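Novice: Could you work out the structure for the sequence below:
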Amino acid sequence: MQYLLKRAALPFVALVLALPVSANAQTAKTVPQNQMEMQLSFAPLVKQTSGAVVNVYAEKTVRRQSPFAGDPFFEEFFGQQMPNRSEKQSSLGSGVIVEANGTIVTNNHVVEGADDIKVALSDGREFPCKVVLRDDRVDLAVLKVDTKESFPTLPLGNSDAVEVGDLVLAIGNPFGVGQTVTSGIVSALARNQVVKNEFGFFIQTDASINPGNSGGALMNMKGELIGINTAIFSRGGGSNGIGFAIPANLVKVFLASADAGVKSFERPYVGATFDAVTSEVAEALGLNKARGALVVKVSDGSPAAKAGLRAGEIVTAVDGIAVEHPDALLYRLTTAGLGKSVQLTVVENGREQQIALALARAPETAPRDLRTIGGRTPFTGAVVENLSPRVADELRMPSESTGVVVSEVKEDSLAARLGFEPKDIIISINGTEVKTTKELAGIADEDPSFWRVEIERDGQRISQFFR
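Specialist: Down below sits the predicted model:
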């Protein structure tokens, strides 16, 4: 049987889990010693925290194209009597109130594309809210309730203090049945390759997480938020004891960006690519463990190059905290924060050294020069801009990408009908290399009768011919 990894949400449903961790990590932890201790209850903790867990209702309008659209027979006889239909889709998720002014953290996939969002508190009150900041890579979103009322909150804990075996609670709305509390332990830390194209650093728990748990809180025994639940590993869609949560320390950085009023969440630009350390690589380099991030390539003039990082080296720790894989390295750099400097532990030829890496924003080495192409060209309706590390980051492309990229294709435009897509890099036109949007616009103004266009899409070069 094949196991499937699913986001813990109903077709727009999320459940809240609460799992806080104390900033003072080294508090003594003990197992129950007698029958009286075995009969202890979580009830006081649930009463203290459940008011900060909310249901998130999101609604969006989806266009349904008629199956007969474009059919000349039906268009001739029925004309416009068979237009495309629109319908409403609703989803239910969960969120956690983290600031008394009504600031809520949930998963991005709970509210993505929503036209209307409301939250319902545990006492039954409902409030409209808006999206302040969201990011699909880390699957987080910050919502703000439109009111001056003060709300109960769940304090953010230190997820770095979480240990395997710690008791945790999950509070949410599984399957839409109503607020539910489940308990379990932390099963593992620093899990990666959980969900494709997402941040690869998760807390794993066996606390029951089911569809409808997305955006909920994972909470420790001190009533602190240590994670936002985001996915379950299942072959039937229900809980099999393997759930994943985004660590609270990443939530803190994301929340700080939202509070600062930024339009998008930026991660530090390193200017290097990394790969996992396999057992073969570890053996060849004389390492006793297959862990860390292998430096594959360093871009000239980048922060990595200025720090002295070189291809073939292995990063094993950030500020003394071990790095298990490249995703863990990215997590540590992101949670350190832009504008900061970190100490990397680097191993080369069996020798270990410390190097300082400055964490800066991705630069715009080439001005983006946004242009919408018009006229009689295959690119009519395409929005293009010059690639730079910052533009590449915004478009989820490799940071070393250069040239002119299609950032948007207008609906029903000629460019859309000819098959151009966002992220297409325009390499050349009629044998002439295209380096800037200005050059592309100049060629378009010449209006050649024949177009031979070479583009790069997902690392593959494609040639197309147009008249």
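
Novice: Go through this structure and flag its longest strand.
Specialist: strand 85-99 (DSSP state E).

Novice: which strands and helices sit next to it?
Specialist: Applying 3 or more CB pairs under 8 Å, 6 or more residues apart in numbering; DSSP states H and E, one finds that strand 85-99 contacts strand 9-10, strand 13-14, strand 53-64, strand 103-106, helix 108-111, strand 225-234, helix 248-259. C-beta coordinates here come from the backbone N, C-alpha and C atoms, glycine included.

Novice: The third one to strand 225-234, inter-axis angle?
Specialist: An angle of 50 degrees separates the directions of strand 53-64 and strand 225-234 when computed by axes from the mean of the first three to the mean of the last three CA atoms, to 10 degrees.

Novice: Tell me the buried residues in stretch 264-277?
Specialist: Residues of stretch 264-277 classed as buried: 265-274, 276-277 (neighbour count, 16 or more other CB atoms under 10 Å).

Novice: Figure out how far the longest strand of the chain is from the centre of its chain.
Specialist: On the basis of CA atoms, centre = their mean, to the nearest Å, strand 85-99 sits 18 Å off its chain's mean C-alpha point.

Novice: before we move on, back to that, Asn220: which of the buried residues of stretch 264-277 is nearest?
Specialist: Phe265 (25.4 Å; CB to CB).

Novice: Tell me the bridge partners for the nearest residue to that closest one once chain neighbours are set aside.
Specialist: Of all residues not flanking Phe265 in the chain, Asp135 sits nearest, at 4.2 Å (CB to CB, 6 or more residues apart in numbering). Taking DSSP bridges, one obtains Leu140 as the residues bridged to Asp135.

Novice: Surely Asp135 touches Ser264?
Specialist: Yes: with contacts counted by CB atoms under 8 Å, Asp135 reaches Ser264, the gap being 7.2 Å.

Novice: Now do Asp445: how many residues are near it, please.
Specialist: Neighbours of Asp445 under the rule other CB atoms under 10 Å: 9.

Novice: oh, and call the first residue 400 from now on, that's how I've got it
Specialist: Sounds good: first residue 400 from here, last item Asp844.

Novice: backbone phi and psi for it, please?
Specialist: phi -70, psi -30 (degrees, to the nearest 10).

Novice: Likewise for the one 5 residues further on?
Specialist: Listed backbone geometry of Phe849 is phi -130, psi 140, with angles given as degrees, to the nearest 10.

Novice: neighbours around it, how many?
Specialist: For Phe849, using other CB under 10 Å, the count is 8.

Novice: lowest-confidence helix or strand of the protein?
Specialist: Using mean pLDDT, DSSP states H and E, strand 412-413 stands out as the lowest-scoring helix or strand of the chain, at a mean of 33.

Novice: if we can go back for a sec, list the buried residues of the longest strand of the chain.
Specialist: Residues 490-498 are the ones in strand 484-498 that count as buried (16+ other CB under 10 Å).

Novice: can you redo those as a markdown table with pLDDT and distance to Gln742?
Specialist: Below are the buried residues of strand 484-498 laid out as a markdown table (pLDDT from 0 to 100; distance: CB to CB, whole Å):
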| residue | pLDDT | distance to Gln742 |
| --- | --- | --- |
| Ser490 | 73 | 43 |
| Leu491 | 80 | 44 |
| Gly492 | 84 | 39 |
| Ser493 | 89 | 38 |
| Gly494 | 92 | 36 |
| Val495 | 95 | 32 |
| Ile496 | 95 | 36 |
| Val497 | 95 | 30 |
| Glu498 | 95 | 32 |
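
Novice: could you dump these to JSON lines with distance to Ser449?
Specialist: Listed next are the buried residues of strand 484-498 as JSON lines, based on distance: CB to CB, whole Å:
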{"residue": "Ser490", "distance to Ser449": "22"}
{"residue": "Leu491", "distance to Ser449": "17"}
{"residue": "Gly492", "distance to Ser449": "17"}
{"residue": "Ser493", "distance to Ser449": "12"}
{"residue": "Gly494", "distance to Ser449": "13"}
{"residue": "Val495", "distance to Ser449": "11"}
{"residue": "Ile496", "distance to Ser449": "11"}
{"residue": "Val497", "distance to Ser449": "15"}
{"residue": "Glu498", "distance to Ser449": "18"}
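
Novice: Look up the residues forming beta bridges with the nearest residue to Gln863 once chain neighbours are set aside.
Specialist: Nearest residue to Gln863, sequence neighbours excluded (CB to CB, 6+ apart): Val852, at 4.9 Å. Counting by DSSP bridges, Val852 is bridged to Ile828, Gln863.

Novice: Please list all residues in contact with Val852.
Specialist: Going by CB atoms under 8 Å, 6 or more residues apart in numbering, Val852 touches 777, 825, 827-828, 862-865.
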